[in-house]
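# got a structure for you, letters missing:
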């Protein structure tokens, strides 16, 4: 007997898709941590709470979009691979650059920042989405975690 799928799931269906909020004609290329910093610094430096942003990129490192993944408290924000990669998968991103701020002004990545970055790099390898960098941003500038942890090539 052939199952009736509509009865099995009682008409509950889900469609998942990405909506681009603006259709700018200008191509923005992000080829290094400085370009990523310039893109996100105004939003992150002005925040009084830690925020995690995902900068999603094409094969040619052209900007697809930036998503606010998490907003936390003064000194912590949650960073789960599930949330980090959700938008990247939907956007068909080939790579991402993670950016988060330290409202304290300190640019030294914490042990938790480095451990999370390792976790994201490994998750990205499994998903086929390369984590190009993770930068810490403050009113003092930025620090690339690529410098603190040997990213796989």
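Perfect, thanks for sending it. All values derive from a computational prediction rather than experimental measurement.

# in what helix or strand does the spatially most central residue of the chain lie?
Centroid-nearest residue in the chain, with C-alpha atoms, centre = their mean: residue 54, separated by 2.1 Å. Element membership for residue 54 (DSSP states H and E) is strand 51-57.

# name the residues of stretch 104-112 that are buried.
Residues of stretch 104-112 classed as buried: 107, 109 (neighbour count, 16 or more other C-beta atoms under 10 Å). Every C-beta, even on glycine, is put in place using the N, C-alpha and C of the backbone.

# could you shift the numbering so residue one becomes 54, and keep it that way?
OK, 54 is where the count begins now, so the last one is stretch 157-165.

# give me the contacts around that stretch.
127, 128, 170, 189, 191, 192, 193, 194, 195, 196, 198, 201 (C-beta atoms under 8 Å, 6 or more residues apart in numbering).

# could you point out which element follows the strand holding residue 107?
As assigned by DSSP H and E, the chain's next helix or strand after strand 104-110 is strand 116-124.

# how distant is that next one from the center of its chain?
Centroid displacement of strand 116-124 relative to its chain, using C-alpha atoms, centre = their mean, to the nearest Å, is 6 Å.
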